[in-house]
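In: Got a predicted structure plus its sequence, pasted below:
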Amino acid sequence: GAVVSQHPSWVICKSGTSVKIECRSLDFQATTMFWYRQFPKQSLMLMATSNEGSKATYEQGVEKDKFLINHASLTLSTLTVTSAHPEDSSFYICSARLQPGQYLYEQYFGPGTRLTVT
Amino acid sequence: GENVEQHPSTLSVQEGDSAVIKCTYSDSASNYFPWYKQELGKRPQLIIDIRSNVGEKKDQRIAVTLNKTAKHFSLHITETQPEDSAVYFCAAGFVSGNTPLVFGKGTRLSVIA
C-alpha cells in the first residue's frame, strides 16, 4: 500500500524558535496533502490543505504566518512552525490522498511528529 | 461544510462481547465513510470503509453499516479482543477529489480481559 513518511518523529525546541516538519509520499505522487494537529486525547483537527505548486489553504483559526506550508514537489510537503510557543506542543500528522485518476482513493497518514516546545 | 458527530466518546466492553460505535454526518453529498483505528502515539490506520452505494460491509470481525437516509453509519466489532483497545475515528468525505476527510471526535474503546 501507499506510504507516507514524516520527519522528524519527535522534536523538542525552545520557545521562540522555528521547527520544520517534512512529509513525503514514498511510492506515489500526491498533488494534495493535508496537515492535521492532534492534542492529547482529542480528535484530528485539519489545519491546512497543501497543494503542489500553489498556496496552501488554511482552516479557519489557523494562522498562516505561523504555520508555513510549502509543497514544492509531488512527493514533499513541509510544515514550519514559526516562533513556536508551548501551546503549539502537539502531535502533527500529515496525510495524502492518491492522485485523482488512480484506483485507490484512501487517505493515508504519516506516522506523526510530536512537537514539544519548552 | 461537513460535520461528523461520534458516540460514545468512551466504551468499555468485556472480552468476547461486541462493540458498536455510531456516527452521524451532515452533508448528504458525502459518499465515502472510512473508519480509522489509532493506537497510542501512532498514526491512524484504516480498518474498513464503505461507499454510499453500499449499505453494509464486513471484514472478519468488523462490519460497517450505512443509512444514507438518516445520514448515519456505525462500526460493529464482534468477539472483541484486548488488542482491539484503541481510539476509533469515523470520517466522512468524498471518494475522489482532493478534499480531506472530516473526522469525528473519536471513541476510546477498552476491551477488558
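Out: Happy to help now that I have it. Residues are numbered from 1 along each chain as shown, chains lettered A, B, ... in the order given.
In: Now the residue of chain B found nearest chain A. Nearest residue, chain neighbours left out?
Out: Of the residues in chain B, the one nearest chain A is B:Asn98, at a distance of 3.9 Å by Cβ to the nearest Cβ. C-beta coordinates here come from the backbone N, C-alpha and C atoms, glycine included. Once flanking residues are discounted, B:Asn98 sits nearest to A:Thr32: 3.9 Å by Cβ to Cβ, 6 or more residues apart in numbering or on different chains.
In: any idea of the pLDDT on residue 60?
Out: Unless you meant another one, I'm taking chain A. Predicted confidence (pLDDT) for A:Gln60: 92.
In: that's the wrong chain, I wanted chain B
Out: Looking at B:Gln60, its pLDDT is 96.
In: For B:Ser30, see how far away it is.
Out: As for B:Gln60, its distance to B:Ser30 is 26 Å (criterion: Cβ to Cβ, to the nearest Å).
In: neighbour-wise, which of these two wins?
Out: Regarding B:Gln60 and B:Ser30, a neighbour count based on other Cβ atoms under 10 Å in any protein chain shown identifies B:Ser30 as having more, with 22 against 9.
In: which SS class is that one?
Out: In three-state terms, and counting by DSSP: H, G, I helix; E, B strand; the rest coil, B:Ser30 is coil.
In: Excluding residues flanking it in the chain, which one is nearest it?
Out: Leaving out its chain neighbours, the residue that sits closest to B:Ser30 by Cβ to Cβ, 6+ apart is B:Ala92, at 4.4 Å.
In: The one you found - how many residues pack around it?
Out: B:Ala92: 25 surrounding residues under other Cβ under 10 Å.
In: Parallel or antiparallel, list what pairs with whichever strand or helix holds it.
Out: Counting by DSSP states H and E, the element that carries B:Ala92 is strand B:86-92. In the sheet, strand B:86-92 lines up against strand B:32-38 (antiparallel), strand B:102-103 (antiparallel), strand B:107-112 (antiparallel) (DSSP bridges).
In: contact partners of that strand?
Out: Under the contact criterion Cβ atoms under 8 Å, 6 or more residues apart in numbering or on different chains, strand B:86-92 has outside partners A:43-44, A:107, B:2, B:4, B:6, B:21, B:23, B:25, B:27, B:30, B:32-40, B:44, B:47, B:73, B:75, B:101-104, B:106-109.
In: cutoff 6 Å now
Out: Among residues not part of strand B:86-92, those counted as contacts by Cβ atoms under 6 Å, 6 or more residues apart in numbering or on different chains are B:2, B:4, B:6, B:21, B:23, B:25, B:30, B:33-39, B:101-104, B:106-109.
In: export that strand as PDB, just CAs?
Out: Extracted as PDB, the C-alpha positions of strand B:86-92 are listed here (Å, rounded to 0.1, in the frame of the first residue of the first chain):
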ATOM      1  CA  ALA B  86      -7.600   1.800  20.800                       C
ATOM      2  CA  VAL B  87      -9.200   5.000  19.700                       C
ATOM      3  CA  TYR B  88     -11.500   4.700  16.800                       C
ATOM      4  CA  PHE B  89     -12.400   7.600  14.500                       C
ATOM      5  CA  CYS B  90     -15.200   7.700  11.900                       C
ATOM      6  CA  ALA B  91     -14.900  10.100   9.000                       C
ATOM      7  CA  ALA B  92     -16.900  11.300   6.100                       C
END
